[in-house]
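Chemist: Mind folding the following:
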Amino acid sequence: SQNGQGPLPVSIFTLLLYPDGRGSRGLFGFHQGMVEFEYNPSSRFSLRLLYSGGKVFSRNFDAVGVNFEWGFSAKFAVFGRYGYSSYDDTDFGDINPNYWMAGISGLDVLQEGDRLGVAVGQPFVVDEIGNSTQTNLEVFYNYAVNDNIQISPVLQLVFDPSNQKSNGTIFTGTLRTVFYF
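Modeler: I've put the predicted structure just below:
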């Protein structure tokens, strides 16, 4: 499609991350690449397929993911994400973590232009690390101050952080402000 519009936009990102510890930087350090295919057959449904691969800390990795959003009415939508990855030769051996997230959001809940959402997910599901699986719960509210400014309080609870049952629950609060130009 032209200019990334229409039902099949494709995004390709090259990220230069984690340069090696010998002083090499930029194009000569470790790198990752990512490609995303997005399918939008209507204004109420989108499906994204993602791939990322490269090296992080001298270890190869590959990751794939799928993401969907479906507005089942003019005011409410559900979303879900799933990913699977492969990391070679880590301190824990070869590991294949996966992750998931699901949620629901409502538009115009308290006033026109606002959005309220709730999501739950597990960002790093793997048997080789820890004695539990971290679970995240998030609640957010996007308050439209006007057409150009949004304020979004976000509350998060993280249960069994770092996949350790002995780690206490973490509570975070964030206040994000977005300006549209």
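
Chemist: Just list the residues touching L175, thanks.
Modeler: Neighbouring residues of L175 by Cβ atoms under 8 Å, 6 or more residues apart in numbering: 151-154. Using the backbone N, CA and C atoms, a C-beta is placed for each residue, glycine as well.

Chemist: and with 7 Å instead?
Modeler: Applying Cβ atoms under 7 Å, 6 or more residues apart in numbering to L175 gives the contacts 151, 153.

Chemist: Check D88 too.
Modeler: Residues in contact with D88 (Cβ under 7 Å, 6+ apart) are 59-60, 94.

Chemist: Show me what counts as buried in the longest strand anywhere in the chain.
Modeler: With secondary structure taken from DSSP state E, the chain has its longest strand at strand 76-90. Within strand 76-90, the residues scored as buried using 16 or more other Cβ atoms under 10 Å are 77, 79, 81, 83, 85, 87.

Chemist: One more: stretch 153-162?
Modeler: 158-161.

Chemist: could the contacts of D88 be laid out in a markdown table, adding secondary structure?
Modeler: Putting the contacts of D88 into a markdown table (DSSP: H, G, I helix; E, B strand; the rest coil) gives the following:
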| residue | secondary structure |
| --- | --- |
| R59 | strand |
| N60 | strand |
| D94 | strand |
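
Chemist: ok, and the most crowded of those residues?
Modeler: Greatest neighbour count in the contacts of D88, by other Cβ atoms under 10 Å, goes to R59: 14 neighbours.

Chemist: Okay, and the beta partners of that residue?
Modeler: Beta bridges link R59 to V56, judged by DSSP bridges.

Chemist: Just the element for the nearest residue to F68 once chain neighbours are set aside, please.
Modeler: Once flanking residues are discounted, F68 sits nearest to L47: 5.0 Å by Cβ to Cβ, 6 or more residues apart in numbering. Element membership for L47, per DSSP states H and E: strand 45-56.

Chemist: With only the CA atoms kept, save that strand in PDB.
Modeler: Extracted in PDB, the C-alpha atoms of strand 45-56 (Å, rounded to 0.1, in the frame of the first residue of the first chain):
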ATOM      1  CA  PHE A  45      -9.700  -5.100  13.400                       C
ATOM      2  CA  SER A  46      -6.000  -5.300  13.000                       C
ATOM      3  CA  LEU A  47      -3.600  -8.200  13.100                       C
ATOM      4  CA  ARG A  48       0.200  -7.900  13.300                       C
ATOM      5  CA  LEU A  49       2.900 -10.500  12.800                       C
ATOM      6  CA  LEU A  50       6.400  -9.700  14.100                       C
ATOM      7  CA  TYR A  51       9.800 -11.200  13.800                       C
ATOM      8  CA  SER A  52      13.000 -10.000  15.500                       C
ATOM      9  CA  GLY A  53      16.400 -11.500  15.500                       C
ATOM     10  CA  GLY A  54      20.100 -10.800  16.200                       C
ATOM     11  CA  LYS A  55      22.600 -10.900  19.000                       C
ATOM     12  CA  VAL A  56      22.400  -9.700  22.500                       C
END
